[in-house]
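S.K.: I'd like to go over a predicted model; first the sequence, then the structure.
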Amino acid sequence: MKDRFICKLGVIFLFYCMRNSFPFLIIVLWYGSLQAQVLMSRDSLLKLLPSAKDDINTVELYINIGQQYESNEPEIAKQYYRMARDVSQKIDYTLGEIKYITNYTFVLNMQGYYDSSLALNLQSVELSRQIKDSQYLTKTLFNTGTSYRLKEEYGNAVRYYEEGKKLFEKFGNKAMEAQANDILQNMYTGMKQYRKAVSYGKKAIVGLKDINNPGMLGMAYNNLGLNYVYLQQFDSANASFKEALRIAKKIGDQNMEATQYLNMGDVLLQQSEFNAIKPYMDKALAISKKLKLYESETIALKGLSFYFQYNKNYPLAQDYADSALSLANRFDFRNERQKLFTHLSNLAYSMQDMELGEYYAKQNSLLEDSILNETIQKGTLELEKKYESKKKETHINQLEAVKKVQQLSIKQKNSLNYILIGAAATLLAITLLSYRNYKQKQKLQQQRINELETEKQLTATSAVLKGEEQERTRLAKDLHDGLGGMLSGIKYSLNTMKGNLIMTPDNVQAFERSMDMLDSSIKEMRRVAHNMMPEALVKFGLDTALEDFCNDINQSGAVQVDYQSIGMANVIVDQTTAITIYRIVQELLNNTLKHAAAKTAIVQLTKSDGHLSVTVEDDGKGFDTSILDQSKGIGWINIQNRVEFLQGKLDVQSEIEKGTSVHIEISV
């Protein structure tokens with residue numbers, strides 16, 4: 001039996017409504033495990049049970065049997081894993097307890113019990129440290145990072161992954177390296193760096209082919225297909241999902257098989273081939289019911305509801321949506337419940353039941369507020385914990401420093417007592433040396449305190465900026481996917497009503513004016529969503545996004561902006577850095593529009609010798625730069641905070657009636 005490495009995650013789904021037809025997007029993400037290569041069949045293993053004793057071999061036997069059941073009968077697998085735990089505890093076999101946890105949490109993640117999985121994985125890390133087993137410590141660190149990633153606590157996930165990565169690099173284990181590449185693929189997926197995720201995914205597939213591990217290889221193909229979906233490369237995504245499906249059928253992994261049916265249904269939806277999705281959703285639904293994969297079952301039911309809505313079979317669409325909502329309520333799938341409320345609202349509008357549509361829209365809004373409040377509270381608690389931990393660490397360091405000074409002082413006094421017998425001159429010399437040593441330690445302590453204060457300020461600034469961008473992204477997505485879908489649904493319903501009503505010419509004219517206003521509202525909503533998180537920045541990077549932003553200003557006619565890009569061809573800027581630079585330029589140009597009375601402006605982005613420089617100039621009325629030292633304006637403070645966050649240099653040159661030039665330089 002090969003030991004389980006990384007726990008498998010359950011599915012993660014994301015839905016959005018598109019104009020008119022209301023299709024949905026299903027994204028399924030897995031973390032795979034190195035599948036146990038069991039040489040004996042399930043029946044052969046079960047025949048060994050009557051003669052089993054309470055020893056290490058029996059622990060291995062129970063785990064082997066559990067792995068035979070986990071893909072198709074997970075509850076039975078969990079029973080055998082618990083039996084392995086009980087024997088391990090009875091014979092004081094710590095390694096057996098670790099093996100139980102790595103296998104048991106595999107199934108917990110598959111079923112969506114992420115909190116329980118995290119608690120067990122943290123326990124396995126401590127057990128691995130106790131027995132000082134570096135190889136198992138590496139595995140349990142990666143498992144724990146996976147649990148944190150499932151809970152979307154990316155900071156903790158990165159911390160455990162980094163510690164595990166440093167250890168596994170010492171072993172030269174190709175299997176572990178291949179799986180680590182797959183984990184990094186999914187980590188970058190969570191951080192929305194999809195092209196980088198694809199590069200790691202390809203490395204994972206090459207490595208897994210070399211070690212002939214079909215189960216893990218299927219998971220890696222699945223994850224790679226997910227990133228292609230994000231990049232809108234649907235042919236590549238479909239090819240990856242089909243390969244994962246072929247592997248799933250070959251090894252009899254029905255869980256993976258159901259996942260691929262959902263994935264391929266998603267690709268068809270995004271290609272507007274709505275009538276072709278039903279067979280995939282039907283197959284996914286059948287397997288999900290068999291394996292009790294309730295979240296997958298919820299998604300499949302919802303997909304069928306969309307299918308029947310598109311074919312205008314509204315009663316059947318309502319039945320499937322109600323069944324999906326019942327499951328979401330039963331198992332508290334809050335995100336799925338929120339998306340179902342949006343879908344049910346649109347479905348009600350399609351059936352011209354305005355009262356029911358408003359009811360579901362209100363339920364969606366209430367649940368969205370609840371989720372947002374919980375997210376804010378969670379983020380606040382995490383910041384408080386980090387601050388308290390940092391404060392305690394600083395206090396401990398200070399106490400240790402005082403203790404060392406006191407010990408040194410006592411030692412010096414004893415020495416002086418002996419030296420006083422010899423000569424007064426020696427006493428004076430030692431006293432002077434002690435005083436200088438004390439002053440030097442004081443200086444070092446103060447320097448360390450200043451460094452900690454600077455680190456704390458940078459940490460706080462980083463948390464605020466990241467929180468701001470996350471909130472911008474969430475609001476942009478909610479506006480586009482939620483409000484945009486609802487407005488499009490209302491427009492669709494009004495158009496449907498128009499064909500069934502008899503109106504006077506005056507009413508027809510009023511109706512058309514209302515439709516024009518509705519179209520204007522949709523365009524304005526999309527403009528606001530784009531400003532909050534530009535699509536070009538996410539898809540094409542900083543250079544393209546800044547060029548689009550400058551072109552938008554030119555089209556408005558407020559000021560003529562000349563955008564210049566030097567040395568940026570094929571340069572990929574880290575997403576966090578790109579977003580921060582984009583916001584800085586956005587704020588500087590907004591200041592130009594509001595205060596400078598300029599006719600022309602220049603935005604220049606340059607990459608040279610490991611430095612990225614940004615220059616924004618205008619021919620406006622200028623100002624006295626000394627006022628910046630006393631400025632309390634939010635815009636200017638935001639610019640300074642972002643430059644400090646990037647550890648960059650900021651230079652502002654301006655004179656009255658001679659325009660303004662702002663230059664920023666960042667090391668990349």
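M.R.: Noted; the coordinates are in hand. Since we're looking at a predicted model, the values are computed, not measured.
S.K.: so what's the residue nearest the centre of the chain up against?
M.R.: The chain has G190 as the residue nearest its centroid, 3.3 Å off, counting by CA atoms, centre = their mean. Neighbouring residues of G190 by CB atoms under 8 Å, 6 or more residues apart in numbering: R149, E152, Y154. Where C-beta positions appear, they are placed from N, C-alpha and C, glycine not excepted.
S.K.: Tell me the buried residues within those.
M.R.: R149, Y154 (16 or more other CB atoms under 10 Å).
S.K.: now the strands for this protein?
M.R.: For the chain, the strands defined by DSSP state E occupy 560-566, 600-608, 611-618, 649-654, 660-667.
S.K.: tell me the most buried of these?
M.R.: strand 611-618 (a mean of 20; mean count of other CB atoms under 10 Å).
S.K.: tell me the mean pLDDT for that strand?
M.R.: Per-region confidence: strand 611-618 scores 91 on mean pLDDT.
S.K.: partner strands of it, parallel or antiparallel?
M.R.: strand 600-608 (antiparallel), strand 660-667 (antiparallel) (DSSP bridges).
S.K.: I'd like the mean pLDDT over the shortest one, please.
M.R.: Meaning strand 660-667. Here the mean pLDDT over strand 660-667 is 90, rounded to a whole number.
S.K.: on that earlier part again, quick check: pLDDT value at the residue nearest to the centre of the chain.
M.R.: So, for G190, pLDDT stands at 76.
S.K.: Could you report the distance from it to A197?
M.R.: Distance, G190 to A197, using CB to CB, to the nearest Å: 9 Å.
S.K.: How about R513?
M.R.: From R513 to A197 the distance is 48 Å (CB to CB).
S.K.: more crowded one of the two?
M.R.: A197 (25 against 10; other CB atoms under 10 Å).
S.K.: Could you count how many residues lie near the closest residue to Q193 other than its chain neighbours?
M.R.: Spatial nearest neighbour of Q193, excluding adjacent residues (CB to CB, 6 or more residues apart in numbering): Q575 at 5.6 Å. Per other CB under 10 Å, the neighbour tally for Q575 reads 19.
S.K.: same deal with Y81?
M.R.: Look at Y81: counted by other CB under 10 Å, it has 26 neighbours.
S.K.: G96 is in contact with that one, correct?
M.R.: No. Counting by CB atoms under 8 Å, G96 is not a contact partner of Y81; they are 10.7 Å apart.
S.K.: one step back: the contacts of G190 into a markdown table, with extra columns for pLDDT?
M.R.: What follows is the contacts of G190, written out as a markdown table (pLDDT from 0 to 100):
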| residue | pLDDT |
| --- | --- |
| R149 | 82 |
| E152 | 78 |
| Y154 | 76 |
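S.K.: Tell me which entries of the contacts of G190 lie within helices.
M.R.: Judged by DSSP state H, the contacts of G190 include R149, Y154 as members of helices.
S.K.: Please name whichever of the strands paired with strand 611-618 is nearest to K443.
M.R.: Nearest of those to K443, taken as CB to CB: strand 660-667 at 28.9 Å.
S.K.: For the closest one, C-alpha coordinates in PDB please.
M.R.: Below are the C-alpha coordinates for strand 660-667, written out as PDB (Å, rounded to 0.1, in the frame of the first residue of the first chain):
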ATOM      1  CA  THR A 660       2.500  68.300 -13.000                       C
ATOM      2  CA  SER A 661       4.700  65.200 -13.300                       C
ATOM      3  CA  VAL A 662       4.500  62.100 -11.000                       C
ATOM      4  CA  HIS A 663       7.100  59.400 -11.300                       C
ATOM      5  CA  ILE A 664       7.000  56.000  -9.500                       C
ATOM      6  CA  GLU A 665       9.700  53.400  -9.600                       C
ATOM      7  CA  ILE A 666       9.200  49.800  -8.400                       C
ATOM      8  CA  SER A 667      11.600  46.800  -8.200                       C
END
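S.K.: Relative to I131, how far out is T600?
M.R.: T600 sits 70 Å away from I131, taking CB to CB as the criterion.
S.K.: Also K292?
M.R.: 35 Å.
S.K.: residues of stretch 278-286 that come out buried?
M.R.: By neighbour count with 16+ other CB under 10 Å, stretch 278-286 contains the buried residues K278, Y280, M281, D282, K283, A284, L285.
S.K.: no, scratch that, I was asking about stretch 201-213
M.R.: In terms of neighbour count (16+ other CB under 10 Å), stretch 201-213 has its buried residues at G201, K203, A204, I205, G207, L208, I211, N213.
S.K.: quick one: which of those is nearest to A324?
M.R.: Of the buried residues of stretch 201-213, the one sitting nearest to A324 (CB to CB) turns out to be G201, at 30.6 Å.
S.K.: residue contacts, the closest one?
M.R.: So G201 contacts N181, D182, Q185, A220, N223, L224, N227 (CB under 8 Å, 6+ apart).
S.K.: residues contacting V87?
M.R.: For V87, the contacting residues are D54, D55, T58, V59, Y62, Y93, G96, by CB under 8 Å, 6+ apart.
S.K.: pLDDT on stretch 250-266, on average?
M.R.: Taken as a whole, stretch 250-266 carries a mean pLDDT of 91.
S.K.: And the helices in the stretch 151-300 of the chain?
M.R.: Ranges of helices in the stretch 151-300 of the chain, per DSSP state H, counting those that start in this stretch, are 154-168, 174-190, 194-210, 214-230, 234-251, 254-270, 278-291, 294-310.
S.K.: mind giving me a markdown table with the ones you listed and columns for distance to A328?
M.R.: Output for the helices of the stretch 151-300 of the chain, formatted as a markdown table (distance: least, CB to CB, whole Å):
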| stretch | distance to A328 |
| --- | --- |
| helix 154-168 | 25 |
| helix 174-190 | 23 |
| helix 194-210 | 28 |
| helix 214-230 | 22 |
| helix 234-251 | 25 |
| helix 254-270 | 16 |
| helix 278-291 | 14 |
| helix 294-310 | 5 |
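S.K.: and of these, who's closest to L416?
M.R.: helix 154-168 (47.1 Å).
S.K.: Put the alpha carbons of the closest one into PDB.
M.R.: The C-alpha coordinates for helix 154-168 follow below in PDB (Å, rounded to 0.1, in the frame of the first residue of the first chain):
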ATOM      1  CA  TYR A 154      -5.100  31.500   1.600                       C
ATOM      2  CA  GLY A 155      -2.600  33.000   4.000                       C
ATOM      3  CA  ASN A 156      -2.500  29.900   6.200                       C
ATOM      4  CA  ALA A 157      -2.600  27.700   3.100                       C
ATOM      5  CA  VAL A 158       0.500  29.300   1.700                       C
ATOM      6  CA  ARG A 159       2.300  29.100   5.000                       C
ATOM      7  CA  TYR A 160       1.800  25.300   5.300                       C
ATOM      8  CA  TYR A 161       2.500  24.700   1.600                       C
ATOM      9  CA  GLU A 162       5.800  26.600   1.800                       C
ATOM     10  CA  GLU A 163       7.000  24.700   4.900                       C
ATOM     11  CA  GLY A 164       6.100  21.400   3.200                       C
ATOM     12  CA  LYS A 165       7.700  22.400  -0.100                       C
ATOM     13  CA  LYS A 166      11.100  23.000   1.600                       C
ATOM     14  CA  LEU A 167      11.000  19.600   3.100                       C
ATOM     15  CA  PHE A 168       9.900  17.500   0.100                       C
END
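S.K.: tell me the angle it makes with helix 174-190.
M.R.: Relative orientation of helix 154-168 with respect to helix 174-190: 160 degrees, computed using axes from the mean of the first three to the mean of the last three CA atoms, to 10 degrees.
S.K.: just checking, what packs against helix 154-168?
M.R.: helix 134-150, helix 174-190 (3 or more CB pairs under 8 Å, 6 or more residues apart in numbering; DSSP states H and E).
S.K.: Go through these and pick out the most buried.
M.R.: Comparing those by mean count of other CB under 10 Å gives helix 134-150 as most buried, with a mean of 24.
S.K.: Can you check what angle separates that helix from helix 154-168?
M.R.: Going by the same axes, to 10 degrees, helix 134-150 is angled at 160 degrees with respect to helix 154-168.
S.K.: CA-only coordinates of helix 134-150, as CSV, when you get a sec.
M.R.: Only the C-alpha atoms of helix 134-150 are listed here, as CSV (Å, rounded to 0.1, in the frame of the first residue of the first chain):
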residue,chain,number,x,y,z
SER,A,134,10.3,14.3,7.9
GLN,A,135,8.5,12.5,5.1
TYR,A,136,5.2,12.2,6.9
LEU,A,137,5.6,15.7,8.2
THR,A,138,5.8,16.9,4.6
LYS,A,139,2.6,15.1,3.6
THR,A,140,0.7,16.3,6.6
LEU,A,141,1.8,19.9,6.0
PHE,A,142,0.5,19.7,2.4
ASN,A,143,-2.8,18.2,3.6
THR,A,144,-3.3,20.9,6.2
GLY,A,145,-2.5,23.6,3.5
THR,A,146,-5.2,22.0,1.3
SER,A,147,-7.7,22.1,4.2
TYR,A,148,-7.0,25.9,4.7
ARG,A,149,-7.3,26.5,1.0
LEU,A,150,-10.7,24.8,0.9
